[in-house]
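Q: The following comprises the amino acid sequence and a computationally predicted model.
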Amino acid sequence: MSKVEMIKYIPSTERYHIFYPNNYFVNEDNDGIVTITSPNGETNMTLSGYNANGEVDPKVLTEFIAEITEGYELQVEPKIESFGNGLKISGKYKKDGNDWLWKIYSKNEAIVIVSINGDGILTDKEIKQNEIMLNNFELYSE
């Protein structure tokens, strides 16, 4: 198996950095929302950064993920974990026959929402590739 070259990407908001495989496509819109798409177009990872109006705690994360996933069918209950000096919450959902992984990363008042969706069912290989990108993800806070 050949080693894939990873490219570091910092969006215009400078809220975070992420490494993605060099054969993936990256697009950033005028609002700083970044989409990373697999070469075959079957998976998308979307990242958007925000500032909270105070320190983010487990209650805030739980309420936030419930709000952004309203209308999705819950597959795996959201789980809160530590993320460096911050927190993250992640859950698995389904909508319109497609799998969705939703994650929120937080550090101090900085928040990045990540959604990963596939064309139908996300395979273990697709999930693993996206997790590799997120393992090297770093959130910047003021």
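A: Noted; the coordinates are in hand.
Q: now the helices for the protein?
A: 58-68, 124-135 (DSSP state H).
Q: Which one of those helices lies nearest to residue 41?
A: The closest of the helices of the chain to residue 41 is helix 124-135. By CB to CB, the value is 11.9 Å. All C-beta atoms are positioned from the backbone trio N, CA, C, and that covers glycine.
Q: List the buried residues of that closest one.
A: Neighbour-count burial for helix 124-135, counted by 16 or more other CB atoms under 10 Å, picks out 126, 127, 129, 130, 133, 134.
Q: Adding distance to residue 51 and pLDDT, write these out as a markdown table.
A: Formatted as a markdown table, these follow (distance: CB to CB, whole Å; pLDDT from 0 to 100):
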| residue | distance to residue 51 | pLDDT |
| --- | --- | --- |
| 126 | 31 | 91 |
| 127 | 29 | 91 |
| 129 | 29 | 90 |
| 130 | 25 | 92 |
| 133 | 23 | 94 |
| 134 | 21 | 93 |
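Q: the strands in the protein, which residues?
A: 6-9, 16-21, 25-28, 34-37, 43-51, 73-83, 86-95, 98-107, 110-118, 138-139 (DSSP state E).
Q: what packs against the last one?
A: Under the contact criterion of 3 or more CB pairs under 8 Å, 6 or more residues apart in numbering; DSSP states H and E, strand 138-139 touches strand 16-21, strand 98-107.
Q: Could you save the strands of the chain as TSV and add columns showing mean pLDDT?
A: TSV is the format used below for the strands of the chain (pLDDT from 0 to 100):
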stretch	mean pLDDT
strand 6-9	95
strand 16-21	95
strand 25-28	97
strand 34-37	97
strand 43-51	94
strand 73-83	95
strand 86-95	96
strand 98-107	96
strand 110-118	94
strand 138-139	92
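Q: Kindly check the end-to-end length of stretch 120-129 for me.
A: Criterion CA to CA, to the nearest Å; first-to-last residue distance in stretch 120-129 is 17 Å.
Q: coming back round to it: highest average neighbour count across the helices and strands packed on strand 138-139?
A: For the helices and strands packed on strand 138-139, the largest average neighbour count (mean count of other CB atoms under 10 Å) is found in strand 98-107, namely a mean of 21.
Q: Lovely, talk soon.
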